[in-house]
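Trainee: Quick one: sequence plus predicted model below, questions after.
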Amino acid sequence: MQNFDDVDEVDVDALMEAMEAEAVSKKAPEPAVSKSVRSEEVPVAKAQAVGLYDSAKKSHEDDMPHTAGHHTADPFAPREGKTLVWRDVNMTLAAKGSDPDRKLLDTVWGEVPKKMTTAIMGPSGAGKTSLLNILAGRAQSHGKIKISSDIRLDNFVVDPTKIEVRRNIAFVAQDDSLQVTSTPRESIYFSAKLRLPKSTTEEQLRRLTNRMLDELGLADCADTVVGGALIKGISGGQRKRTSVGVELVTKPALVFLDEPTSGLDSFSAVQLCQVLKKVANAGASVLFTIHQPSSEIFNSFDSLILMNMGRVMYQGPTQSVPEYFGDRGHPNPPHYNPADWIMNVAQSVAIEQLDKDGFFPKDDRQVGDAFTEAVDGKDALGITITSRDAAQDEDDTPVGLDVQIGMLFSREMRNLRRDTMAVGARIGLTSFLSLLVGIIFLDVGEQDSSVNEYRQSQFGALVMVLMMSMFGTAQPALLAFPEERPVFLREYSTNHYGVLPYFMSRLTIELVLTALQILVQVLITYFMVGFQSNFLFFYLTVYALAMSSTALAVMLGCAVEDPKLGQEMLPLLFVPQMLFSGFFVVPDLIPVWLRWAQYLCSLTYAVRIAAVEEFNRDDCKECQHFLDVINADPDEVWWYWLVLVALFIAFRLFGLFILRQKAEKFY
Ligand SMILES: Nc1ncnc2c1ncn2[C@@H]1O[C@H](COP(=O)(O)OP(=O)(O)OP(=O)(O)O)[C@@H](O)[C@H]1O
């Protein structure tokens, strides 16, 4: 064999020939990029490495045109692939007490070549998920975790934590985060509609969706809701396949999946792997972690990365695995599933012994200089530089904000229609509490307000109705976002829609739902208590307070990750409001240094507006005095309205800001 010590000087064609000869003997699927780096194969590895980086440069020349595949209704249409290469990926957990630093990933290297399926295997805790997350931009240094890496996409250095890069990677996480009230058909269509170019016709979207459902064996449950903890729906395996379909329908060039076959029966697992293979054949690079594959599934992978204790124990073509292990003293016993065998070796043989046996190959690929300039006018994401500024190719234009808001809104409406229990419980509870208040304060509003006791009760009824609207609407709003968070994060990070359309569609739903809830509440209490204010004015006041309270709750919901924590924090935001309402303590008696806080309380303003409307009567001097005591000035009602609306807008904007900050983080 030739001496390839000086790879930089070597004739690439000769190297390719040598590599092909080697690959033929091993029946490697795609010798141009696949590698095995045991010591006697170093020349081949180097040749492949040269091929790898050379192919990265050439990829722009010999690939399909950029828009290829966009305009067909075939989810397996040919596409421009991308090669992802990485080296020196390190992840360290900083020392704690007397424990030293712990290397969770140690100088990990590898690649996902285009047109191939690459599996990451390894014992539990080996670092598979951590590696996948780093490559997908879903992990970053934070707290005690330090991460460093050199990741290249078609030989451009990229930082996958950047949303632009992440959006080019179709990612199927281990936990399925699907909208529980959507069906698999609706979920896949939703993804296709929002992520494929605007020019894709409805007919194409429908056919793409149907094809995806058929390929993944989901045709029988295509119109059953996904379901969740409270709603009965499709099975766990069907959910998993739906998650895969949601990503694959967009014809991605890079597909990452975290344990896509877990929870699937063996038939469905094979079916899914065949689908992944088809996607790879279409040009995509497919990378996934997998636990205990059957030998049939194992042999279907083109390439394997075996991780052990945060290090790369093997990297190369799957077909070479038995030989690689055999050469190192661990031959695969006859009729033994090679996947089980290599896991067995990885887990039962001491790491020092494995080192001695010659596992854990070093990365001796010749990593050339990364591209810094666009190749053929295209950058790392395969986007023509000019089209970044102005979408040159009309057909490639993504859908606009209108479509995003429309799709999100109709999904929310569908959610309301299907989750009747949640809406029913909300309206039912409101009716019950309103009736209770109505019975307790029956006709109180019709009594003589100049009598101190009656006036106190009237004011009590007023504050009670307002507080009820505050809690009754804030609670569901607070819980809604943390519950929906996983779905939002997945969809946002995979480029379904922006933060603003999501926020707007949620706001619209809240406006409608809250209007209905408050109408029920006001209809019951207004007439039973016998309030003296104008009905419409009373309704608007209660509604404005409810919207401002939901804005505060949504802000809190966006800030906390755990719904339980949010619920516990709710009293912290609302109890002070009650104290400043003027009902429990006259504002002038509150310590001066704390009084400023009342200006942040929407309840204070709503109480003042409602009190002025109820008690500002010329025939009742006591009422005028009462308004003075609670600091409700009839001449300043417009000002109270202004603050109430301003608080609503401020809380909403702040919520939007927090959501935007959090949307880009996964850790
Ligand atoms: N944020 C973190 N903080 C502390 N340790 C972490 C963190 N993330 C990962 N680890 C540790 O890193 C190691 C690798 O974890 P990882 O989840 O990547 O393994 P895995 O191979 O995917 O395991 P499994 O097959 O069980 O999912 C584990 O020991 C895990 O405890």
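Mentor: Received, thanks. Since the structure is predicted, the reported quantities are computational estimates derived from the model, not experimental observations.

Trainee: Which positions within the helix or strand in which residue 507 is found qualify as buried?
Mentor: Assigned by DSSP states H and E, residue 507 belongs to helix 499-525. By neighbour count on 16 or more other CB atoms under 10 Å, the buried set for helix 499-525 is 499, 501-507, 509-510, 513-514, 517-518, 520-522, 524-525. The way it works is simple: take the backbone N, C-alpha and C, and place the C-beta from them, glycine included.

Trainee: And the next helix or strand past that helix?
Mentor: Next along the chain after helix 499-525, with elements defined by DSSP H and E, is helix 535-559.

Trainee: For the closest residue to the ligand within the stretch 301-450 of the chain, what are phi and psi?
Mentor: When distances are taken as CB to the nearest ligand atom, the stretch 301-450 of the chain reaches nearest to the ligand at residue 307, 6.4 Å away. When read as degrees, to the nearest 10, the backbone of residue 307 gives phi -100, psi 150.

Trainee: List the buried residues of stretch 92-107.
Mentor: Applying 16+ other CB under 10 Å to stretch 92-107 flags 92, 104-106 as buried.

Trainee: Contacting the ligand as well, which ones from these?
Mentor: residue 104 (CB under 6 Å from any ligand atom).

Trainee: so which of the buried residues of stretch 92-107 comes closest to residue 466?
Mentor: Checking the buried residues of stretch 92-107 against residue 466 by CB to CB gives residue 104 as the nearest, at 52.8 Å.

Trainee: Which residue is the nearest non-sequential neighbour of that closest one?
Mentor: Of all residues not flanking residue 104 in the chain, residue 91 sits nearest, at 4.3 Å (CB to CB, 6 or more residues apart in numbering).

Trainee: Next, the contact list for residue 510, please.
Mentor: Contacts for residue 510 were tallied using CB atoms under 8 Å, 6 or more residues apart in numbering; they are 477, 547, 550, 554.

Trainee: Just to check, the second one is in contact with residue 649?
Mentor: So that's residue 547. No - using CB atoms under 8 Å, residue 547 is not in contact with residue 649, being 10.2 Å away.

Trainee: would you list every one of the helices in the stretch 51-200 of the chain?
Mentor: For the stretch 51-200 of the chain, the helices defined by DSSP state H, counting those that start in this stretch cover 128-135, 163-166, 184-195.

Trainee: Ok, the stretch 251-400 of the chain next?
Mentor: Using DSSP H, counting those that start in this stretch, helices in the stretch 251-400 of the chain cover 266-281, 295-300, 321-327, 338-348, 351-357, 385-389.

Trainee: Mean pLDDT and mean neighbour count added to the ones you listed, as JSON lines?
Mentor: Supplementary listing: the helices of the stretch 251-400 of the chain in JSON lines, determined by pLDDT from 0 to 100; neighbours: other CB atoms under 10 Å:
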{"stretch": "helix 266-281", "mean pLDDT": "90", "mean neighbour count": "19"}
{"stretch": "helix 295-300", "mean pLDDT": "90", "mean neighbour count": "17"}
{"stretch": "helix 321-327", "mean pLDDT": "92", "mean neighbour count": "18"}
{"stretch": "helix 338-348", "mean pLDDT": "92", "mean neighbour count": "19"}
{"stretch": "helix 351-357", "mean pLDDT": "91", "mean neighbour count": "13"}
{"stretch": "helix 385-389", "mean pLDDT": "42", "mean neighbour count": "12"}
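
Trainee: Now tabulate these in CSV and tack on distance to the ligand.
Mentor: Compiled in CSV, those are given as follows (distance: least, CB to the nearest ligand atom, whole Å):
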stretch, distance to the ligand
helix 266-281, 16
helix 295-300, 16
helix 321-327, 18
helix 338-348, 11
helix 351-357, 14
helix 385-389, 34
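
Trainee: Reformat these as JSON lines; add distance to residue 572.
Mentor: JSON lines is the format used below for the helices of the stretch 251-400 of the chain (distance: least, CB to CB, whole Å):
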{"stretch": "helix 266-281", "distance to residue 572": "46"}
{"stretch": "helix 295-300", "distance to residue 572": "51"}
{"stretch": "helix 321-327", "distance to residue 572": "57"}
{"stretch": "helix 338-348", "distance to residue 572": "49"}
{"stretch": "helix 351-357", "distance to residue 572": "50"}
{"stretch": "helix 385-389", "distance to residue 572": "45"}
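
Trainee: Which one of the ones you listed lies nearest to residue 364?
Mentor: Closest to residue 364 of the helices of the stretch 251-400 of the chain is helix 321-327 (CB to CB; 15.8 Å).

Trainee: Please save the CA atoms from that closest one in CSV.
Mentor: Extracted in CSV, the C-alpha atoms of helix 321-327 (Å, rounded to 0.1, in the frame of the first residue of the first chain):
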residue,chain,number,x,y,z
VAL,A,321,-17.9,-3.4,12.7
PRO,A,322,-17.5,-7.3,13.0
GLU,A,323,-14.1,-7.1,11.4
TYR,A,324,-13.0,-4.2,13.6
PHE,A,325,-14.1,-5.9,16.8
GLY,A,326,-12.6,-9.2,15.6
ASP,A,327,-9.2,-7.6,14.9
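
Trainee: Give me the helices and strands touching it, please.
Mentor: Secondary-structure packing of helix 321-327 (3 or more CB pairs under 8 Å, 6 or more residues apart in numbering; DSSP states H and E): strand 311-317, helix 338-348.

Trainee: could I get the ones you listed as JSON lines with distance to residue 233?
Mentor: Converted to JSON lines, these look like this (distance: least, CB to CB, whole Å):
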{"stretch": "strand 311-317", "distance to residue 233": "39"}
{"stretch": "helix 338-348", "distance to residue 233": "32"}
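
Trainee: closest to residue 629 out of the ones you listed?
Mentor: So among the helices and strands packed on helix 321-327, strand 311-317 is nearest, using CB to CB, at 74.3 Å.

Trainee: Pull up the pairing partners for the closest one, direction included.
Mentor: strand 303-308 (antiparallel) (DSSP bridges).

Trainee: Pull up the residues of the chain that are close to the ligand.
Mentor: Checking the chain against the ligand by CB under 6 Å from any ligand atom, the hits are 93, 104, 122, 124-130, 145.

Trainee: that older thread, just give me the neighbour total for the residue nearest to residue 104.
Mentor: Residues near residue 91, counting by other CB atoms under 10 Å, number 23.

Trainee: Ok, residue 364 next?
Mentor: Residue 364 has 15 nearby residues by other CB under 10 Å.

Trainee: so what's the backbone phi/psi at it?
Mentor: When read as degrees, to the nearest 10, the backbone of residue 364 gives phi -110, psi 30.
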